[in-house]
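Trainee: Give me a model of this one.
(one chain, ligands or ions: 3)
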Amino acid sequence: TTTYDIELIPGDGIGPEVVDAALPLIRAVADDHGLAFDITRRDWGTEYYLEQGEMMPEDGVSRLADSDAIFLGAVGHPTVPDHVTLHGLLLPIRKGLDQYICKRPNVLFEGIETPLQGYDAGDIDFVVYRENTEGEYADIGGREHRGFNHETAVQSALFTREGTERIVRAAFEAATERDGHLTSVTKSNAQAHSMVFWDDIVEEVSEDYPSVTVERLLVDAASMDLIRRPHEFDIIVASNLFGDILTDIGAQITGSMGLAPSGNIHPGDENPSMFEPVHGSAPDIVGDGVANPLATVLSWSMLLEDVGEKTAATALWDAVTNQLADGAAPRTPDLGGDATTEAVVDDLRSRL
Ligand code: NAD
Ligand code: IPM
Ligand code: MN
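Mentor: Numbering: from 1, shown residues only. Ligands and ions are numbered 1, 2, ... in the order given. Here you go, the predicted model:
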């Protein structure tokens, strides 16, 4: 057996619900394929913060660094401001481990209803390559003159040549392995520094990929077109903030936030990558036992693929596809059913 060293951070809200529900299934897939996971569970998050005054230990990121992969549930809790929790746990990991590609597939599965009319399974199938370490999330800025009428807040976005080029190049590479169509989403009509720089880099990199057709869209028009003509997208590359927003649209047009998986990828062996559902801690349904575990299961499939276990990854992905296509299978309320998280996972086990 090959053993993988996995760091597990269930986090807040429905994070632990979906992570723990999925674990027996993940172990079962591992067994089936002669693999094992050596899992280190980290109780970091908002409860930890309320006791310790920090979301994770100071050397938290480096404790994760030697693993083969990281799995995270969700971060964020109504009792502590989001900027404290997210800048204390999730964002420093993405940045600290240089996971510069945030890869977010959006697939309309058979058996899933989209709010858009006239789309069948497979008609929507695109992947967002979101820049994941800089841009609008660079955390540069400040507030001056608190409480006075002339109070100001500055929030700067940082776009480096290296940071922009590597995400753009990764997206072009991905396009060559798919349908060869890349959409670069910017706001270069208004943001004449960073986004024109981004456009220039897309232009430069495109010369190395003559087989890829390149389309440029402004983010407002792209948001519209994801609703109007989602079938025409293949690979989308966007900055940190724009990629964040577009992937919530992507999740909803392919059925539910509860179905959308993601990977924060550091290519190569230097650092581990981190996998997590796109959704957050969903305080509105926490404790009800009805959080959809499928985004988590699909994210585990992405993890398995990333560590090289393609067969196991496919088994897990196919079990989900198979369940969704079965009208009699249990579904959580976000997909129009009344099943629990556990029931969905139990059913998946029978489909492996
Ligand atoms: P959210 O994704 O938590 O929830 C948005 C909506 O989607 C809610 O109605 C929720 O019930 C529903 N939903 C989300 N996941 C679901 C699932 N698995 N099954 C069924 N329904 C699901 O976004 P939000 O409400 O904007 O944020 C809540 C908290 O989560 C905030 O603190 C926010 O900062 C944080 N957040 C964290 C992450 C992360 O950890 N990666 C991502 C997004 C938001
Ligand atoms: C996501 C989330 C995070 C992000 C938040 C919680 C900081 O929305 O993973 O999509 O913006 O990256
Ligand atoms: Mn988001």
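Trainee: residue contacts, the residue lying closest to Glu276 once chain neighbours are set aside?
Mentor: Leaving out its chain neighbours, the residue that sits closest to Glu276 by C-beta to C-beta, 6 or more residues apart in numbering is Leu72, at 4.1 Å. For the C-beta atoms, the positions are set from N, CA and C on the backbone; glycine is no exception. Each residue near Leu72 by C-beta atoms under 8 Å, 6 or more residues apart in numbering is listed here: Ile9, Pro10, Gly11, Gly15, Leu90, Ile93, Met274, Phe275, Glu276.
Trainee: Is it possible to get JSON lines of those that adds distance to His150, pLDDT and neighbour count?
Mentor: Output for the contacts of Leu72, formatted as JSON lines (distance: C-beta to C-beta, whole Å; pLDDT from 0 to 100; neighbours: other C-beta atoms under 10 Å):
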{"residue": "Ile9", "distance to His150": "42", "pLDDT": "99", "neighbour count": "27"}
{"residue": "Pro10", "distance to His150": "44", "pLDDT": "98", "neighbour count": "23"}
{"residue": "Gly11", "distance to His150": "39", "pLDDT": "98", "neighbour count": "29"}
{"residue": "Gly15", "distance to His150": "41", "pLDDT": "98", "neighbour count": "27"}
{"residue": "Leu90", "distance to His150": "34", "pLDDT": "98", "neighbour count": "23"}
{"residue": "Ile93", "distance to His150": "37", "pLDDT": "98", "neighbour count": "25"}
{"residue": "Met274", "distance to His150": "41", "pLDDT": "99", "neighbour count": "28"}
{"residue": "Phe275", "distance to His150": "45", "pLDDT": "99", "neighbour count": "26"}
{"residue": "Glu276", "distance to His150": "41", "pLDDT": "98", "neighbour count": "29"}
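Trainee: what does the protein have sitting close to ligand 2?
Mentor: Proximity of the chain to ligand 2 (C-beta under 6 Å from any ligand atom) is limited to residues Leu86, Leu91, Asp244, Val278, Gly280.
Trainee: What is the nearest of the residues you listed to Asn292?
Mentor: Among the residues of the chain next to ligand 2, Val278 lies closest to Asn292 (C-beta to C-beta), at 11.6 Å.
Trainee: just to revisit the earlier point, now intersect the contacts of Leu72 with the helices, please.
Mentor: Cross-referencing the contacts of Leu72 against helices under DSSP state H gives Gly15, Leu90, Ile93.
Trainee: Closest one to ligand 1 out of these, please.
Mentor: Nearest to ligand 1 out of the ones in helices among the contacts of Leu72 is Leu90 (C-beta to the nearest ligand atom; 5.3 Å).
Trainee: My read is that that closest one contacts Asp82, right?
Mentor: No - contact status for Leu90 versus Asp82: not in contact, 10.3 Å apart, counting by C-beta atoms under 8 Å.
Trainee: roughly how far apart are Glu342 and Asp12?
Mentor: 20 Å (C-beta to C-beta, to the nearest Å).
Trainee: of these two, who's got more company?
Mentor: Higher neighbour count among Glu342 and Asp12: Asp12, with 28 against 16, using other C-beta atoms under 10 Å.
Trainee: My guess is the more buried one contacts Gly76. True?
Mentor: Yes - the pair Asp12 / Gly76 is scored as a contact, 5.7 Å apart, by C-beta under 8 Å.
Trainee: all helices of the stretch 251-352 of the chain, in order?
Mentor: Under the criterion DSSP state H, counting those that start in this stretch, helices of the stretch 251-352 of the chain are mapped to 294-306, 310-325, 341-349.
Trainee: now the angle from the second one to helix 341-349?
Mentor: Right, the one you point to is helix 310-325. 120 degrees (axes from the mean of the first three to the mean of the last three C-alpha atoms, to 10 degrees).
Trainee: And for the residue in the stretch 201-350 of the chain positioned nearest to ligand 2, the neighbour number?
Mentor: Shortest the stretch 201-350 of the chain-to-ligand 2 distance, computed as C-beta to the nearest ligand atom: residue-wise this is Asp244, at 4.1 Å. By other C-beta under 10 Å, 19 other residues sit near Asp244.
Trainee: For it, what is the enclosing helix or strand?
Mentor: If you go by DSSP states H and E, Asp244 is part of helix 240-253.
Trainee: which other helices and strands contact that helix?
Mentor: Applying 3 or more C-beta pairs under 8 Å, 6 or more residues apart in numbering; DSSP states H and E, we find helix 240-253 packed against strand 101-107, strand 125-131, strand 135-144, strand 181-186, helix 219-228, strand 235-238.
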